[in-house]
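# missing the sequence, but the structure's below:
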DNA sequence: TAAAAACTTTTATGCAATAAAAATTTTTGC
DNA sequence: GCAAAAATTTTTATTGCATAAAAGTTTTTA
(Lines give C-alpha, C1' and ligand atoms only; values in the text may rest on other atoms or scores of the structure.)
Protein backbone atom coordinates (compact mmCIF):
# COMPACT_ATOMS: atom_id res chain seq x y z
CA UNK A 1 0.00 0.00 0.00
CA UNK A 2 1.43 3.32 -1.04
CA UNK A 3 0.48 6.22 1.18
CA UNK A 4 -0.75 9.51 -0.21
CA UNK A 5 2.55 11.03 0.78
CA UNK A 6 4.54 8.45 -1.16
CA UNK A 7 2.40 8.96 -4.24
CA UNK A 8 2.73 12.72 -4.09
CA UNK A 9 6.47 12.34 -3.81
CA UNK A 10 6.62 10.01 -6.77
CA UNK A 11 4.50 12.46 -8.70
CA UNK A 12 6.80 15.36 -7.94
CA UNK A 13 9.84 13.32 -8.91
CA UNK A 14 8.26 12.52 -12.25
CA UNK A 15 7.27 16.09 -12.87
CA UNK A 16 10.74 17.36 -12.00
CA UNK A 17 12.57 14.88 -14.22
CA UNK A 18 10.28 15.30 -17.19
CA UNK A 19 10.29 19.08 -16.91
CA UNK A 20 14.07 18.96 -16.72
CA UNK A 21 14.36 16.76 -19.80
CA UNK A 22 12.17 19.11 -21.80
CA UNK A 23 14.08 22.18 -20.67
CA UNK A 24 17.53 20.62 -21.15
CA UNK A 25 16.66 19.65 -24.71
CA UNK A 26 15.06 22.99 -25.45
CA UNK A 27 17.49 25.42 -23.83
CA UNK A 28 20.58 23.34 -23.12
CA UNK A 29 21.97 22.40 -19.73
CA UNK A 30 23.69 25.59 -18.64
CA UNK A 31 20.83 27.86 -19.60
CA UNK A 32 18.27 25.79 -17.74
CA UNK A 33 18.05 27.04 -14.18
CA UNK A 34 16.94 24.89 -11.29
CA UNK A 35 14.34 27.54 -10.62
CA UNK A 36 12.86 27.13 -14.09
CA UNK A 37 12.72 23.35 -13.66
CA UNK A 38 11.00 23.89 -10.33
CA UNK A 39 8.44 26.29 -11.80
CA UNK A 40 7.69 23.91 -14.67
CA UNK A 41 7.24 21.07 -12.19
CA UNK A 42 5.14 23.15 -9.84
CA UNK A 43 7.44 22.95 -6.83
CA UNK A 44 9.95 25.24 -5.16
CA UNK A 45 13.60 25.40 -6.18
CA UNK A 46 14.68 24.09 -2.82
CA UNK A 47 12.49 21.03 -3.30
CA UNK A 48 14.40 20.17 -6.46
CA UNK A 49 17.55 20.35 -4.39
CA UNK A 50 16.01 18.28 -1.64
CA UNK A 51 15.11 15.58 -4.14
CA UNK A 52 18.22 15.46 -6.31
CA UNK A 53 20.93 17.33 -4.48
CA UNK A 54 22.30 19.15 -7.51
CA UNK A 55 21.30 20.14 -11.01
CA UNK A 56 23.59 17.39 -12.25
CA UNK A 57 21.68 15.01 -9.98
CA UNK A 58 18.48 15.75 -11.88
CA UNK A 59 20.33 15.11 -15.12
CA UNK A 60 21.67 11.82 -13.82
CA UNK A 61 18.21 10.67 -12.77
CA UNK A 62 16.98 11.36 -16.28
CA UNK A 63 19.88 9.58 -17.93
CA UNK A 64 19.46 6.54 -15.71
CA UNK A 65 15.91 6.15 -16.96
CA UNK A 66 16.93 6.29 -20.58
CA UNK A 67 19.87 3.96 -20.00
CA UNK A 68 17.53 1.28 -18.75
CA UNK A 69 15.89 1.39 -22.16
CA UNK A 70 19.31 1.12 -23.79
CA UNK A 71 20.05 -2.07 -21.89
CA UNK A 72 16.75 -3.58 -22.94
CA UNK A 73 17.33 -2.56 -26.52
CA UNK A 74 20.87 -3.98 -26.58
CA UNK A 75 19.69 -7.27 -25.15
CA UNK A 76 17.22 -7.39 -28.01
CA UNK A 77 19.16 -6.17 -30.98
CA UNK A 78 22.76 -7.21 -30.39
CA UNK A 79 23.35 -10.31 -32.57
CA UNK A 80 23.17 -13.43 -30.49
CA UNK A 81 25.41 -15.59 -32.63
CA UNK A 82 28.25 -13.21 -33.47
CA UNK A 83 31.51 -15.09 -33.19
CA UNK A 84 33.76 -12.22 -34.27
CA UNK A 85 34.56 -10.20 -31.18
CA UNK A 86 35.53 -7.08 -33.12
CA UNK A 87 32.16 -7.01 -34.85
CA UNK A 88 30.42 -7.62 -31.58
CA UNK A 89 32.16 -4.75 -29.82
CA UNK A 90 31.66 -2.40 -32.74
CA UNK A 91 27.96 -3.22 -32.96
CA UNK A 92 27.68 -2.59 -29.24
CA UNK A 93 29.47 0.75 -29.51
CA UNK A 94 27.28 1.81 -32.39
CA UNK A 95 24.08 1.10 -30.46
CA UNK A 96 25.37 3.04 -27.48
CA UNK A 97 26.27 6.07 -29.58
CA UNK A 98 22.99 5.95 -31.49
CA UNK A 99 21.08 5.86 -28.26
CA UNK A 100 23.11 8.68 -26.74
CA UNK A 101 22.64 11.00 -29.69
CA UNK A 102 18.94 10.19 -30.01
CA UNK A 103 18.37 11.26 -26.42
CA UNK A 104 20.61 14.21 -25.58
CA UNK A 105 23.16 16.57 -27.09
CA UNK A 106 26.87 15.80 -26.69
CA UNK A 107 27.20 18.95 -24.64
CA UNK A 108 24.84 17.44 -22.07
CA UNK A 109 26.55 14.04 -22.10
CA UNK A 110 29.72 15.79 -21.07
CA UNK A 111 27.89 17.03 -18.01
CA UNK A 112 26.75 13.49 -17.31
CA UNK A 113 30.29 12.12 -17.39
CA UNK A 114 31.50 14.95 -15.19
CA UNK A 115 28.69 14.43 -12.71
CA UNK A 116 29.34 10.71 -12.42
CA UNK A 117 32.92 11.38 -11.37
CA UNK A 118 32.47 14.37 -9.10
CA UNK A 119 29.46 12.87 -7.37
CA UNK A 120 31.10 9.45 -7.05
CA UNK A 121 29.56 7.59 -4.16
CA UNK A 122 26.19 9.32 -4.17
CA UNK A 123 22.99 7.37 -4.70
CA UNK A 124 22.55 8.45 -8.32
CA UNK A 125 26.16 8.02 -9.32
CA UNK A 126 26.14 4.52 -7.84
CA UNK A 127 22.96 3.71 -9.74
CA UNK A 128 24.63 4.88 -12.94
CA UNK A 129 27.64 2.67 -12.31
CA UNK A 130 25.41 -0.31 -11.76
CA UNK A 131 23.84 0.28 -15.14
CA UNK A 132 27.33 0.28 -16.61
CA UNK A 133 27.85 -3.12 -15.02
CA UNK A 134 24.67 -4.33 -16.65
CA UNK A 135 25.82 -2.99 -19.99
CA UNK A 136 29.08 -4.87 -19.61
CA UNK A 137 27.09 -7.96 -18.80
CA UNK A 138 25.25 -7.80 -22.09
CA UNK A 139 28.66 -8.28 -23.69
CA UNK A 140 29.59 -11.02 -21.25
CA UNK A 141 26.57 -13.08 -22.25
CA UNK A 142 27.36 -12.79 -25.95
CA UNK A 143 30.92 -13.82 -25.26
CA UNK A 144 29.78 -16.83 -23.31
CA UNK A 145 27.66 -17.82 -26.27
CA UNK A 146 30.60 -17.42 -28.64
CA UNK A 147 32.75 -19.49 -26.34
CA UNK A 148 30.13 -22.21 -26.11
CA UNK A 149 30.02 -22.24 -29.90
CA UNK A 150 33.75 -22.91 -29.92
CA UNK A 151 34.73 -19.52 -31.34
CA UNK A 152 36.84 -18.64 -28.31
CA UNK A 153 39.34 -20.66 -26.27
CA UNK A 154 38.02 -22.44 -23.19
CA UNK A 155 40.55 -20.93 -20.80
CA UNK A 156 39.28 -17.44 -21.57
CA UNK A 157 37.24 -15.77 -18.83
CA UNK A 158 34.14 -14.28 -20.46
CA UNK A 159 33.48 -11.89 -17.58
CA UNK A 160 36.96 -10.45 -17.85
CA UNK A 161 36.75 -10.08 -21.60
CA UNK A 162 33.31 -8.51 -21.43
CA UNK A 163 34.44 -5.96 -18.88
CA UNK A 164 37.59 -5.16 -20.80
CA UNK A 165 35.63 -4.61 -23.99
CA UNK A 166 33.18 -2.43 -22.15
CA UNK A 167 35.96 -0.30 -20.66
CA UNK A 168 37.48 0.20 -24.06
CA UNK A 169 34.16 1.00 -25.67
CA UNK A 170 33.31 3.39 -22.87
CA UNK A 171 36.62 5.21 -23.16
CA UNK A 172 35.98 5.70 -26.87
CA UNK A 173 32.43 6.78 -26.17
CA UNK A 174 33.72 9.49 -23.87
CA UNK A 175 36.09 10.53 -26.63
CA UNK A 176 33.09 10.66 -28.95
CA UNK A 177 31.06 13.00 -26.80
CA UNK A 178 34.07 15.09 -25.78
CA UNK A 179 34.23 16.79 -29.16
CA UNK A 180 31.36 18.00 -31.28
CA UNK A 181 33.44 17.35 -34.37
CA UNK A 182 34.08 13.67 -33.61
CA UNK A 183 32.00 11.35 -35.77
CA UNK A 184 30.65 7.92 -34.96
CA UNK A 185 32.55 6.51 -37.90
CA UNK A 186 35.84 7.85 -36.63
CA UNK A 187 35.21 6.35 -33.19
CA UNK A 188 34.26 3.05 -34.77
CA UNK A 189 37.56 3.05 -36.66
CA UNK A 190 39.52 3.78 -33.53
CA UNK A 191 37.78 1.05 -31.59
CA UNK A 192 38.48 -1.36 -34.43
CA UNK A 193 42.15 -0.41 -34.38
CA UNK A 194 42.27 -0.89 -30.62
CA UNK A 195 40.84 -4.37 -30.86
CA UNK A 196 42.77 -5.52 -33.89
CA UNK A 197 46.01 -4.43 -32.24
CA UNK A 198 45.16 -6.06 -28.92
CA UNK A 199 44.08 -9.30 -30.55
CA UNK A 200 47.32 -9.41 -32.49
CA UNK A 201 49.41 -9.67 -29.36
CA UNK A 202 48.53 -13.27 -28.62
CA UNK A 203 50.76 -13.49 -25.59
CA UNK A 204 51.01 -16.81 -23.86
CA UNK A 205 50.08 -14.93 -20.71
CA UNK A 206 49.66 -16.77 -17.42
CA UNK A 207 46.12 -16.48 -16.00
CA UNK A 208 47.19 -14.55 -12.86
CA UNK B 1 63.04 40.03 -25.31
CA UNK B 2 60.30 39.70 -22.72
CA UNK B 3 58.58 42.93 -21.80
CA UNK B 4 57.96 43.94 -18.23
CA UNK B 5 54.29 43.26 -18.81
CA UNK B 6 54.94 39.70 -20.00
CA UNK B 7 57.17 39.00 -17.01
CA UNK B 8 54.62 40.36 -14.57
CA UNK B 9 51.98 38.18 -16.15
CA UNK B 10 54.16 35.11 -15.94
CA UNK B 11 54.85 35.96 -12.32
CA UNK B 12 51.20 36.26 -11.47
CA UNK B 13 50.43 32.98 -13.20
CA UNK B 14 53.08 31.25 -11.13
CA UNK B 15 51.86 32.80 -7.91
CA UNK B 16 48.26 31.84 -8.65
CA UNK B 17 49.05 28.23 -9.51
CA UNK B 18 51.38 27.67 -6.59
CA UNK B 19 49.02 29.34 -4.13
CA UNK B 20 46.23 27.19 -5.49
CA UNK B 21 48.25 24.00 -5.13
CA UNK B 22 49.06 24.81 -1.52
CA UNK B 23 45.48 25.66 -0.69
CA UNK B 24 43.99 22.67 -2.52
CA UNK B 25 46.28 20.30 -0.63
CA UNK B 26 45.66 22.04 2.67
CA UNK B 27 41.92 22.68 2.58
CA UNK B 28 40.67 20.54 -0.28
CA UNK B 29 39.19 21.70 -3.56
CA UNK B 30 35.67 22.70 -2.55
CA UNK B 31 36.71 24.61 0.52
CA UNK B 32 39.30 26.64 -1.34
CA UNK B 33 37.67 29.78 -2.69
CA UNK B 34 38.94 31.62 -5.72
CA UNK B 35 39.08 34.67 -3.52
CA UNK B 36 41.47 32.94 -1.11
CA UNK B 37 43.70 31.85 -3.98
CA UNK B 38 43.68 35.42 -5.23
CA UNK B 39 44.58 36.84 -1.84
CA UNK B 40 47.43 34.34 -1.41
CA UNK B 41 48.72 35.24 -4.85
CA UNK B 42 48.34 38.96 -4.32
CA UNK B 43 45.84 39.61 -7.08
CA UNK B 44 42.10 40.18 -7.29
CA UNK B 45 39.61 37.37 -7.63
CA UNK B 46 38.54 38.54 -11.05
CA UNK B 47 42.14 38.32 -12.24
CA UNK B 48 42.20 34.64 -11.38
CA UNK B 49 39.12 34.28 -13.55
CA UNK B 50 40.69 36.32 -16.30
CA UNK B 51 43.72 34.06 -16.30
CA UNK B 52 42.15 30.63 -15.95
CA UNK B 53 38.45 31.04 -16.64
CA UNK B 54 37.25 28.80 -13.84
CA UNK B 55 38.45 27.33 -10.57
CA UNK B 56 38.78 24.03 -12.38
CA UNK B 57 40.94 25.84 -14.91
CA UNK B 58 43.43 26.69 -12.21
CA UNK B 59 43.42 23.07 -11.11
CA UNK B 60 44.00 21.90 -14.67
CA UNK B 61 46.94 24.26 -15.08
CA UNK B 62 48.50 22.81 -11.98
CA UNK B 63 47.92 19.22 -13.02
CA UNK B 64 49.40 19.87 -16.45
CA UNK B 65 52.64 20.97 -14.84
CA UNK B 66 52.89 17.88 -12.71
CA UNK B 67 51.94 15.62 -15.61
CA UNK B 68 54.92 16.87 -17.57
CA UNK B 69 57.09 15.52 -14.80
CA UNK B 70 55.23 12.23 -14.96
CA UNK B 71 56.03 11.86 -18.64
CA UNK B 72 59.68 12.54 -18.03
CA UNK B 73 59.73 10.07 -15.17
CA UNK B 74 58.00 7.37 -17.20
CA UNK B 75 60.39 7.81 -20.08
CA UNK B 76 63.16 7.25 -17.57
CA UNK B 77 61.91 4.47 -15.38
CA UNK B 78 59.71 2.34 -17.58
CA UNK B 79 61.78 -0.73 -18.53
CA UNK B 80 63.16 -0.39 -22.01
CA UNK B 81 63.43 -4.06 -22.81
CA UNK B 82 60.17 -5.43 -21.48
CA UNK B 83 58.82 -7.92 -23.95
CA UNK B 84 55.76 -8.92 -21.90
CA UNK B 85 53.00 -6.47 -22.73
CA UNK B 86 51.01 -7.23 -19.60
CA UNK B 87 53.97 -6.38 -17.40
CA UNK B 88 54.62 -3.26 -19.41
CA UNK B 89 51.08 -1.97 -19.06
CA UNK B 90 50.92 -2.81 -15.38
CA UNK B 91 54.22 -1.06 -14.69
CA UNK B 92 52.91 1.95 -16.56
CA UNK B 93 49.67 1.98 -14.60
CA UNK B 94 51.53 1.71 -11.32
CA UNK B 95 53.72 4.69 -12.10
CA UNK B 96 50.69 6.75 -13.06
CA UNK B 97 48.85 5.91 -9.86
CA UNK B 98 51.93 6.49 -7.71
CA UNK B 99 52.40 9.87 -9.29
CA UNK B 100 48.74 10.80 -8.91
CA UNK B 101 48.59 9.92 -5.24
CA UNK B 102 51.90 11.61 -4.49
CA UNK B 103 50.59 14.87 -5.88
CA UNK B 104 46.90 15.26 -5.04
CA UNK B 105 44.05 13.58 -3.19
CA UNK B 106 41.65 11.33 -5.10
CA UNK B 107 38.91 13.79 -4.34
CA UNK B 108 40.77 16.41 -6.34
CA UNK B 109 41.56 14.06 -9.21
CA UNK B 110 37.85 13.54 -9.61
CA UNK B 111 37.53 17.27 -10.19
CA UNK B 112 40.29 17.06 -12.76
CA UNK B 113 38.52 14.35 -14.74
CA UNK B 114 35.26 16.27 -14.55
CA UNK B 115 36.91 19.49 -15.67
CA UNK B 116 38.58 17.86 -18.67
CA UNK B 117 35.21 16.69 -19.95
CA UNK B 118 33.07 19.72 -19.19
CA UNK B 119 35.67 22.15 -20.45
CA UNK B 120 36.41 20.07 -23.54
CA UNK B 121 37.79 22.29 -26.26
CA UNK B 122 39.25 24.97 -24.02
CA UNK B 123 42.95 25.77 -24.07
CA UNK B 124 43.73 23.93 -20.86
CA UNK B 125 41.62 20.90 -21.60
CA UNK B 126 43.29 20.59 -24.98
CA UNK B 127 46.70 20.85 -23.36
CA UNK B 128 45.73 18.07 -20.99
CA UNK B 129 44.63 15.84 -23.85
CA UNK B 130 47.92 16.42 -25.62
CA UNK B 131 49.74 15.22 -22.53
CA UNK B 132 47.62 12.10 -22.64
CA UNK B 133 48.79 11.58 -26.21
CA UNK B 134 52.36 11.89 -25.03
CA UNK B 135 51.73 9.38 -22.28
CA UNK B 136 50.33 6.96 -24.83
CA UNK B 137 53.43 7.55 -26.90
CA UNK B 138 55.68 6.40 -24.11
CA UNK B 139 53.94 3.06 -24.44
CA UNK B 140 54.16 3.14 -28.21
CA UNK B 141 57.93 3.45 -28.11
CA UNK B 142 58.30 0.51 -25.75
CA UNK B 143 56.06 -1.54 -27.99
CA UNK B 144 58.14 -0.64 -31.03
CA UNK B 145 61.20 -1.83 -29.17
CA UNK B 146 59.53 -5.08 -28.23
CA UNK B 147 58.47 -5.58 -31.84
CA UNK B 148 61.97 -4.87 -33.09
CA UNK B 149 63.22 -7.48 -30.62
CA UNK B 150 60.87 -10.00 -32.20
CA UNK B 151 58.55 -10.25 -29.21
CA UNK B 152 55.54 -9.08 -31.21
CA UNK B 153 54.29 -9.93 -34.70
CA UNK B 154 55.38 -7.67 -37.53
CA UNK B 155 51.89 -6.94 -38.79
CA UNK B 156 50.94 -5.37 -35.45
CA UNK B 157 50.60 -1.59 -35.45
CA UNK B 158 52.50 -0.29 -32.39
CA UNK B 159 50.68 3.04 -32.39
CA UNK B 160 47.32 1.32 -32.26
CA UNK B 161 48.40 -1.05 -29.51
CA UNK B 162 49.94 1.75 -27.47
CA UNK B 163 46.80 3.83 -27.69
CA UNK B 164 44.57 0.91 -26.83
CA UNK B 165 46.66 0.06 -23.79
CA UNK B 166 46.59 3.67 -22.71
CA UNK B 167 42.81 3.86 -23.04
CA UNK B 168 42.41 0.76 -20.95
CA UNK B 169 44.88 1.94 -18.33
CA UNK B 170 43.22 5.34 -18.22
CA UNK B 171 39.76 3.84 -17.76
CA UNK B 172 41.06 1.82 -14.83
CA UNK B 173 42.83 4.88 -13.44
CA UNK B 174 39.54 6.75 -13.42
CA UNK B 175 37.99 3.80 -11.64
CA UNK B 176 40.84 4.03 -9.13
CA UNK B 177 40.28 7.65 -8.26
CA UNK B 178 36.49 7.37 -8.38
CA UNK B 179 36.37 5.57 -5.08
CA UNK B 180 38.40 6.27 -1.97
CA UNK B 181 38.20 2.61 -1.06
CA UNK B 182 39.70 1.34 -4.32
CA UNK B 183 43.30 0.18 -3.90
CA UNK B 184 46.12 0.23 -6.41
CA UNK B 185 46.45 -3.51 -6.06
CA UNK B 186 42.84 -4.09 -6.96
CA UNK B 187 43.16 -1.89 -10.03
CA UNK B 188 46.32 -3.69 -11.02
CA UNK B 189 44.47 -6.99 -10.80
CA UNK B 190 41.61 -5.71 -12.93
CA UNK B 191 43.96 -4.36 -15.57
CA UNK B 192 45.75 -7.69 -15.63
CA UNK B 193 42.46 -9.49 -16.12
CA UNK B 194 41.51 -7.11 -18.93
CA UNK B 195 44.74 -7.77 -20.76
CA UNK B 196 44.95 -11.49 -20.19
CA UNK B 197 41.39 -11.86 -21.48
CA UNK B 198 41.99 -9.66 -24.50
CA UNK B 199 45.24 -11.40 -25.38
CA UNK B 200 43.49 -14.74 -25.20
CA UNK B 201 41.19 -13.90 -28.05
CA UNK B 202 43.78 -14.24 -30.78
CA UNK B 203 41.39 -13.57 -33.59
CA UNK B 204 42.74 -13.78 -37.10
CA UNK B 205 41.34 -10.28 -37.52
CA UNK B 206 41.78 -8.44 -40.81
CA UNK B 207 43.82 -5.22 -40.44
CA UNK B 208 40.94 -2.90 -41.35
C1' DT C 1 -10.38 15.46 15.60
C1' DA C 2 -6.30 17.07 17.87
C1' DA C 3 -1.46 16.25 18.38
C1' DA C 4 2.54 14.54 16.06
C1' DA C 5 5.24 13.71 12.16
C1' DA C 6 6.69 14.51 7.59
C1' DC C 7 7.41 17.65 4.00
C1' DT C 8 7.66 21.86 1.47
C1' DT C 9 8.41 26.60 1.24
C1' DT C 10 10.37 30.89 2.76
C1' DT C 11 14.33 33.33 3.91
C1' DA C 12 19.13 34.12 4.11
C1' DT C 13 24.07 33.37 3.04
C1' DG C 14 28.41 32.04 0.53
C1' DC C 15 30.66 31.41 -3.61
C1' DA C 16 31.49 30.73 -8.77
C1' DA C 17 30.99 32.96 -12.94
C1' DT C 18 30.43 36.93 -15.94
C1' DA C 19 30.09 41.71 -17.60
C1' DA C 20 30.87 46.61 -17.66
C1' DA C 21 32.93 50.66 -15.87
C1' DA C 22 36.77 52.70 -13.43
C1' DA C 23 41.47 52.95 -12.17
C1' DT C 24 46.27 51.79 -12.85
C1' DT C 25 50.44 50.82 -15.10
C1' DT C 26 53.29 50.00 -18.98
C1' DT C 27 54.40 51.30 -23.76
C1' DT C 28 55.05 54.13 -27.46
C1' DG C 29 56.00 58.12 -30.11
C1' DC C 30 57.73 62.53 -29.98
C1' DG D 1 62.01 62.33 -20.45
C1' DC D 2 57.16 63.02 -20.89
C1' DA D 3 52.43 62.85 -22.45
C1' DA D 4 49.07 60.22 -25.00
C1' DA D 5 47.67 55.55 -26.08
C1' DA D 6 47.24 50.82 -25.09
C1' DA D 7 47.01 47.01 -22.14
C1' DT D 8 45.69 45.11 -17.95
C1' DT D 9 43.91 44.87 -13.36
C1' DT D 10 40.55 46.11 -10.02
C1' DT D 11 36.02 47.63 -8.55
C1' DT D 12 31.31 47.01 -8.70
C1' DA D 13 27.20 44.63 -9.75
C1' DT D 14 24.34 40.66 -11.13
C1' DT D 15 22.85 35.83 -11.78
C1' DG D 16 22.51 31.21 -10.38
C1' DC D 17 24.02 26.94 -7.72
C1' DA D 18 24.23 25.12 -3.28
C1' DT D 19 23.12 24.83 1.56
C1' DA D 20 21.08 25.69 6.12
C1' DA D 21 17.64 27.10 9.39
C1' DA D 22 13.16 28.67 10.52
C1' DA D 23 8.37 28.87 9.36
C1' DG D 24 4.35 27.08 7.43
C1' DT D 25 1.47 23.35 5.54
C1' DT D 26 -0.43 18.86 4.89
C1' DT D 27 -0.80 14.09 5.94
C1' DT D 28 -0.77 10.52 9.58
C1' DT D 29 -1.77 8.55 13.69
C1' DA D 30 -3.87 7.68 17.93
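Yep, that arrived. No experiment lies behind these values; they were computed from the predicted model shown. Residues are numbered from 1 along each chain as shown, chains lettered A, B, ... in the order given.
# Can you read off the pLDDT for residue A:79?
pLDDT recorded at residue A:79 is 92.
# Can you say which helix or strand has it in it?
Using DSSP states H and E, residue A:79 sits within no helix or strand.
# What about it, how many residues nearby?
13 (other C-beta atoms under 10 Å in any protein chain shown). Using the backbone N, CA and C atoms, a C-beta is placed for each residue, glycine as well.
# Chain neighbours aside, what residue packs nearest to it?
residue A:91 (6.6 Å; C-beta to C-beta, 6 or more residues apart in numbering or on different chains).
# Next, count neighbours for the one you found.
18.
# what's the helix or strand bottoming out on mean pLDDT in chain A packed up against?
Here the helix or strand of chain A ranked lowest by mean pLDDT, DSSP states H and E is helix A:4-27, holding a mean of 91. Applying 3 or more C-beta pairs under 8 Å, 6 or more residues apart in numbering or on different chains; DSSP states H and E, one finds that helix A:4-27 contacts helix A:34-41, helix A:45-52, helix A:55-77.
# So which residues make contact with it?
If you take C-beta atoms under 8 Å, 6 or more residues apart in numbering or on different chains as the criterion, helix A:4-27 is touched by A:2, A:32, A:36-38, A:40-43, A:47-48, A:51-52, A:58-59, A:61-62, A:65, A:104-105, A:108.
# again with stretch A:82-95
For stretch A:82-95, using C-beta under 8 Å, 6+ apart, the contacting residues are A:70, A:73-74, A:77-79, A:138-139, A:142-143, A:146, A:149, A:151-152, A:161, A:165, A:168-169, A:172-173, A:184, A:187-188, A:191-192, A:195-196, A:199, B:201, B:203, B:205.
# Please, which helix or strand holds the residue nearest to residue A:79?
Using DSSP H and E, residue A:91 falls within helix A:85-103.
# helix, strand or coil for residue A:30?
What DSSP: H, G, I helix; E, B strand; the rest coil gives for residue A:30 is coil.
# Look up phi and psi at it.
phi -60, psi -40 (degrees, to the nearest 10).
# Next one, pLDDT for it please.
93.
# and it, how many neighbours does it have?
Using other C-beta under 10 Å, residue A:30 is surrounded by 12 other residues.
# Show me what from chain A comes close to DNA strand C.
A:5, A:8, A:9, A:12, A:42, A:43, A:44, A:45, A:46, A:47, A:50, A:51 (C-beta under 7 Å from any atom of the strand).
# run the last query once more with 6 Å
For chain A, the contact set with DNA strand C under C-beta under 6 Å from any atom of the strand comprises A:5, A:9, A:12, A:43, A:44, A:46, A:47, A:50.
# Next, the buried residues of the least confident helix or strand of chain A.
A:12, A:15, A:16, A:17, A:19, A:20, A:21, A:23, A:24 (16 or more other C-beta atoms under 10 Å in any protein chain shown).
# Let me know the next secondary structure element after the longest helix along chain A.
Counting by DSSP state H, the longest helix found in chain A is helix A:123-148. Using DSSP H and E, the helix or strand that follows helix A:123-148 in sequence is helix A:158-178.
# For that next one, name the packing helices and strands.
helix A:85-103, helix A:106-118, helix A:123-148, helix A:184-201, helix B:158-178, helix B:184-199.
# wait, which of these is closest to residue B:119?
helix A:106-118 (8.8 Å; C-beta to C-beta).
# Touching the closest one from outside, list them.
A:24, A:28-29, A:54, A:56-57, A:59-60, A:63, A:100, A:104, A:125, A:128-129, A:174, A:176-180, B:110-111, B:113-115, B:117-118, B:120, B:174, B:178.
# Would you show me how to pick out the buried ones of those in ChimeraX?
Buried members of those, defined by 16+ other C-beta under 10 Å, are picked up in ChimeraX with:
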select /A:24,29,54,56,57,59,60,63,100,104,125,128,129,174,176,177,178 /B:110,111,113,114,115,117,118,120,174,178
